[in-house]
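Peer 1: quick check, what structure comes out for this input:
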Amino acid sequence: MNSRLRLPLLLEEVRACTICAPDLPYGPRPVLQADGRARILVAGQAPGSKVHASGVPFDDASGERLRQWMGLDREQFYDPRLVAILPMGFCFPGRGRSGDRPPRRECAPQWRTRLVQALPRIELTLVIGQYALAWHLPDKATDNLTETVRAWREHWPKALPLPHPSPRNNIWLKTHPWFALEVLPVLQERVRSLIAPR
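Peer 2: Alright, predicted model coming up:
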């Protein structure tokens, strides 16, 4: 079965998943976006409480900033033919002592390889956060995030490690102005080229 036919069935399976329901304080609600024609993959961490409530990935302040970084409007960002969004955990894991809990460990081994294989046209993966780094750029998983992002050219143009676009990272962004000056213009140019009709 080719990827275009296989993906809709796989997405149905994922959206019906209850594998870690007993450990999800707000219950399962897998949130993701994918289409076999997508050329950009956003690999994030896990939905937060607002995304859990809406069922729309990055439907929060982090998403607003990420769209700005990419140079996309909402319509473009939420077009699955352009952008696939696969967090490392598809359900809101609940809150911990200092923010949201990590993505559930069951999710990526169960689904990730099959989903990524069903997205054959991906040319750029935005790798956001340590859990996505551990999966997509395992050689950088234990490195300092700042140094990993600073060395972005090592992975370009196939992948780009990013700090989380959360407002909690305002201080990081302020103290590392090179990110906005050096990285974002290149990212936006690449995104424009990837979403352009062919």
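Peer 1: now do Val191 against Ala84, distance only.
Peer 2: In this view, Val191 and Ala84 are 13 Å apart by C-beta to C-beta, to the nearest Å. Every C-beta, even on glycine, is put in place using the N, C-alpha and C of the backbone.
Peer 1: pull up the overlap in contacts between these two.
Peer 2: Shared contacts of Val191 and Ala84 (C-beta atoms under 8 Å, 6 or more residues apart in numbering): Ile40.
Peer 1: out of these two, which sits in the busier spot?
Peer 2: Neighbour count, other C-beta atoms under 10 Å: between Val191 and Ala84, Ala84 has more, with 27 against 22.
Peer 1: list the contacts for the more buried one?
Peer 2: 33-35, 38, 40-42, 119, 122.
Peer 1: likewise for Trp111?
Peer 2: Contacts of Trp111 (C-beta under 8 Å, 6+ apart): 10, 14, 17, 90.
Peer 1: go again using 7 Å as the cut-off
Peer 2: Val14 (C-beta atoms under 7 Å, 6 or more residues apart in numbering).
Peer 1: with the one 4 residues further on instead?
Peer 2: Under the criterion of C-beta under 7 Å, 6+ apart, the contact list for Leu115 reads 10, 34, 86.
Peer 1: you'd agree it is in a helix?
Peer 2: Yes - according to DSSP: H, G, I helix; E, B strand; the rest coil, Leu115 belongs to a helix.
Peer 1: now it: how far from Ala21?
Peer 2: 20 Å.
Peer 1: quick one: the strands in this protein, in order.
Peer 2: With DSSP state E, the ranges of strands along the chain come out as 40-43, 83-85, 95-96, 99-100, 124-128, 159-162.
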